[in-house]
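Novice: sequence first, predicted model second:
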Amino acid sequence: MKYTSSSKAGTGKTNEDAILVIQPSLEEIVAMVCDGMGGLDFPEIASEIMATSVKDVFSAGIRDNVPEQIHSAFALATEELTKESARRGARLGCAVGIVVIKAKVMWYSSIGNVRIYLTESDITKRLLTQDDVYTDENGISYLTNCIKGNGSIPNIQVMKLTLPEHYIVETCSDGYYESNPIDDSSIVSILQTD
């Protein structure tokens, strides 16, 4: 299993995204894209806190109960974001997409508008996640769910699927899939061809 990752700041701004990839073995990987909420305070710090929380939970490896590990990571991130929000007197939050692969099994979860795609060997690309977004009558979009520093852990659904022999899994921010040069753009691609 191989991976590539890329993250770049939007035009004239600081990169508010963070990427985390942990690969304990050739058959295991944890990949995540965090997209700090630009409408809140310190989005780049929120993304880094989320990435650090997941790293802390998965640094000892991928355990047998992956959904529990993902829930623990999101709970830790919520706790840390809440502390940082209180410390700064600010509101912090981020959207996040996480993929955990162990052998031929993948668990994934997305909060906000970070997307996860699966491309199978027949070149069929499927969107596996739904955006948590509301668009008002003026065309302005708002996240309806995210990891934020208000002490409230969002409803997190962890999905599981068996992977085909050959696949590409992509986790990407809205700046990537909307191809907007003004927005930050981040992606992690995981490739299995052997």
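Specialist: Perfect, thanks for sending it.

Novice: can you list the weak-confidence ranges in this structure?
Specialist: Counting by pLDDT under 70, the low-confidence segments of the chain come to 10-13, 179-185, 193-194.

Novice: for the closest residue to residue 7 other than its chain neighbours, which residues are in contact?
Specialist: Nearest residue to residue 7 in three dimensions, chain neighbours excluded: residue 186, at 4.0 Å (C-beta to C-beta, 6 or more residues apart in numbering). For every residue, glycine as well, the C-beta is placed using N, CA and C. If a contact means C-beta atoms under 8 Å, 6 or more residues apart in numbering, then residue 186 has 5-8, 17-19, 33, 35, 172-173, 175-176 as its contacts.

Novice: and the helices in this protein?
Specialist: Ranges of helices in the chain, per DSSP state H, are 43-58, 66-88, 174-177.

Novice: got the angle between the first one and helix 66-88?
Specialist: When you say that, I think you mean helix 43-58. 140 degrees (axes from the mean of the first three to the mean of the last three C-alpha atoms, to 10 degrees).

Novice: going forward can the numbers begin at 34, since that is how I track them
Specialist: From this message on, residue numbering opens at 34, which makes the last subject helix 76-91.

Novice: need the contact partners of helix 76-91.
Specialist: Counting by C-beta under 8 Å, 6+ apart, 47-53, 55, 63, 65, 67-70, 73, 102, 105-107, 109-110, 113-114, 117, 125-127, 129, 131, 133, 180-182 sit against helix 76-91.

Novice: give the contact list for the nearest residue to residue 123 once chain neighbours are set aside.
Specialist: Nearest residue to residue 123, sequence neighbours excluded (C-beta to C-beta, 6+ apart): residue 74, at 3.6 Å. Residues in contact with residue 74 (C-beta under 8 Å, 6+ apart) are 121, 123-125.

Novice: of those residues - the most surrounded one?
Specialist: Neighbour counts for these (other C-beta atoms under 10 Å) peak at residue 125, which has 27 neighbours.

Novice: does that residue touch residue 67 like I think?
Specialist: No: taking contacts as C-beta atoms under 8 Å, residue 125 lies outside contact range of residue 67: 11.5 Å.

Novice: this structure: strands as residue ranges?
Specialist: Secondary structure of the chain (DSSP state E): strands located at 35-41, 50-58, 61-69, 126-135, 138-144, 148-153, 158-160, 166-168, 174-176, 180-181, 192-195, 200-205, 218-225.
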